[in-house]
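Engineer: predicted model and sequence below, questions to follow.
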Amino acid sequence: MKLELITVGNKPPGWIREGVTEYQKRMPRECTLEIRDIALPKRTKHSEPEFCRKAEAQKIQAAQVAGARTIALDVDGKMWTTEDLSSKLTHWMAEYPLVQFVIGGPDGLDKTVITGVDDVWSLSRLTFPHALVPVLIAEQLYRAWTIITHHPYHR
């Protein structure tokens with residue numbers, strides 16, 4: 001199975017990339033983790049957030065693969081424990097060749113993206129730096145994998 005993070009944003013700092021890369025290396029061959037970056041649309045101080053979200057939505061929808069399980073990250077989504085994620089990962093591995101996680105731009109996701117996904121997940125009610133979210137997800141996916149395989153990482 002392949003896990004894919006679809007992220008909308010500018011190029012993240014090197015230390016963020018290094019963090020994601022570290023967890024990509026830790027994932028096993030049967031459950032790989034990939035990143036698909038979507039550039040932010042050109043913005044000015046007069047750009048309307050709704051216009052930006054709609055432009056991003058078109059690019060996100062073009063990146064989505066038919067038949068994949070798709071999870072959007074949104075503050076209004078359900079919060080999962082790590083054990084919940086591990087259980088979901090077990091199910092996804094049995095049912096889907098591809099699971100895509102969609103991380104919107106700084107203005108969030110357009111409603112058309114949110115209504116077109118299988119799950120909506122909230123990492124927290126806290127606000128995180130946009131570039132940090134892929135590292136958090138990558139770590140949690142690795143942690144979920146270690147629970148499945150009874151690896152001591154999750155202690």
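Structural biologist: Nice, I can see it.

Engineer: and the residue lying farthest from the centre of the chain, how close does it get to Gly9?
Structural biologist: Among residues of the chain, the one most distant from the C-alpha centroid is His46; the distance is 28.5 Å, by C-alpha atoms, centre = their mean. His46 sits 21 Å away from Gly9, going by C-beta to C-beta, to the nearest Å. Where C-beta positions appear, they are placed from N, C-alpha and C, glycine not excepted.

Engineer: for this protein, which segments are assigned as strands?
Structural biologist: For the chain, strands defined by DSSP state E occupy the ranges 2-8, 32-38, 69-79, 98-103, 119-122.

Engineer: how about the ones you listed in CSV, adding mean neighbour count?
Structural biologist: Formatted as CSV, the strands of the chain follow (neighbours: other C-beta atoms under 10 Å):
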stretch, mean neighbour count
strand 2-8, 23
strand 32-38, 16
strand 69-79, 17
strand 98-103, 24
strand 119-122, 17
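
Engineer: nearest to Thr146, out of the ones you listed?
Structural biologist: Distances from Thr146 to each of these were compared by C-beta to C-beta, and the smallest falls on strand 32-38, at 13.6 Å.

Engineer: partners of that closest one in the sheet?
Structural biologist: strand 2-8 (parallel) (DSSP bridges).

Engineer: which residues are contacting the partner strand?
Structural biologist: For strand 2-8, the surrounding residues in contact (C-beta atoms under 8 Å, 6 or more residues apart in numbering) are 20, 27, 31-40, 56, 59-60, 63-64, 68, 97-105, 133-134, 137-138, 141.

Engineer: re the thing from before, would CSV of the strands of the chain with mean pLDDT be doable?
Structural biologist: Formatted as CSV, the entries for the strands of the chain read as follows, by pLDDT from 0 to 100:
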stretch, mean pLDDT
strand 2-8, 97
strand 32-38, 96
strand 69-79, 97
strand 98-103, 98
strand 119-122, 98
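
Engineer: turn those strands into JSON lines, columns for distance to Glu50.
Structural biologist: Conversion of these to JSON lines gives the following (distance: least, C-beta to C-beta, whole Å):
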{"stretch": "strand 2-8", "distance to Glu50": "15"}
{"stretch": "strand 32-38", "distance to Glu50": "18"}
{"stretch": "strand 69-79", "distance to Glu50": "16"}
{"stretch": "strand 98-103", "distance to Glu50": "18"}
{"stretch": "strand 119-122", "distance to Glu50": "19"}
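
Engineer: done for today, thanks.
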